[in-house]
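> what would the 3D arrangement of this be:
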Amino acid sequence: MEKGLTVKSGQTHVQRYTGELLDMIRDGKFDTISLISHHAPLEDAAEMYRHWHDEQDRYTKIVLKPGLEKGAVQALQEMAHA
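As a prediction, this is how the structure comes out:
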């Protein structure tokens, strides 16, 4: 306390670029698959959050899908890391 620290933050221009980025994704100019580290069924959300919190070097972006079957998870993981 009282060490003369300064904390600053800023906000990105999310709305300014959202439309353009979505168009690039839709047109195949930007590959989002490489950003996703894991897929999981929605039921596994608590477990995935623990992994993300404890293993941030391995669990970077998790996509939770309602109704996703366990067998489909392995296929999505392999596709993302191919």
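
> if I pick Ser9, what's in contact with it?
With CB atoms under 8 Å, 6 or more residues apart in numbering as the criterion, no residue contacts Ser9. For the C-beta atoms, the positions are set from N, CA and C on the backbone; glycine is no exception.

> what pLDDT does Met1 get?
As predicted, Met1 sits at a pLDDT of 59.

> which residue is nearest the centroid of this protein?
Centroid check for the chain by CA atoms, centre = their mean gives Lys61 as the closest residue, at 2.6 Å.

> for the chain, longest helix please?
helix 14-26 (DSSP state H).

> what mean pLDDT does that one have?
So the average pLDDT for helix 14-26 ends up being 91.

> let's see it as PDB, backbone CA atoms only.
Coordinates of the C-alpha atoms in helix 14-26 are reproduced here as PDB (Å, rounded to 0.1, in the frame of the first residue of the first chain):
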ATOM      1  CA  VAL A  14     -14.800  -4.300 -30.400                       C
ATOM      2  CA  GLN A  15     -17.900  -2.900 -32.100                       C
ATOM      3  CA  ARG A  16     -15.800  -1.100 -34.600                       C
ATOM      4  CA  TYR A  17     -14.100  -4.300 -35.900                       C
ATOM      5  CA  THR A  18     -16.700  -7.000 -35.200                       C
ATOM      6  CA  GLY A  19     -18.500  -6.800 -38.600                       C
ATOM      7  CA  GLU A  20     -15.300  -6.900 -40.500                       C
ATOM      8  CA  LEU A  21     -13.900  -9.800 -38.500                       C
ATOM      9  CA  LEU A  22     -17.000 -11.800 -38.900                       C
ATOM     10  CA  ASP A  23     -16.900 -11.300 -42.600                       C
ATOM     11  CA  MET A  24     -13.300 -12.500 -42.700                       C
ATOM     12  CA  ILE A  25     -14.200 -15.600 -40.700                       C
ATOM     13  CA  ARG A  26     -17.200 -16.300 -42.900                       C
END
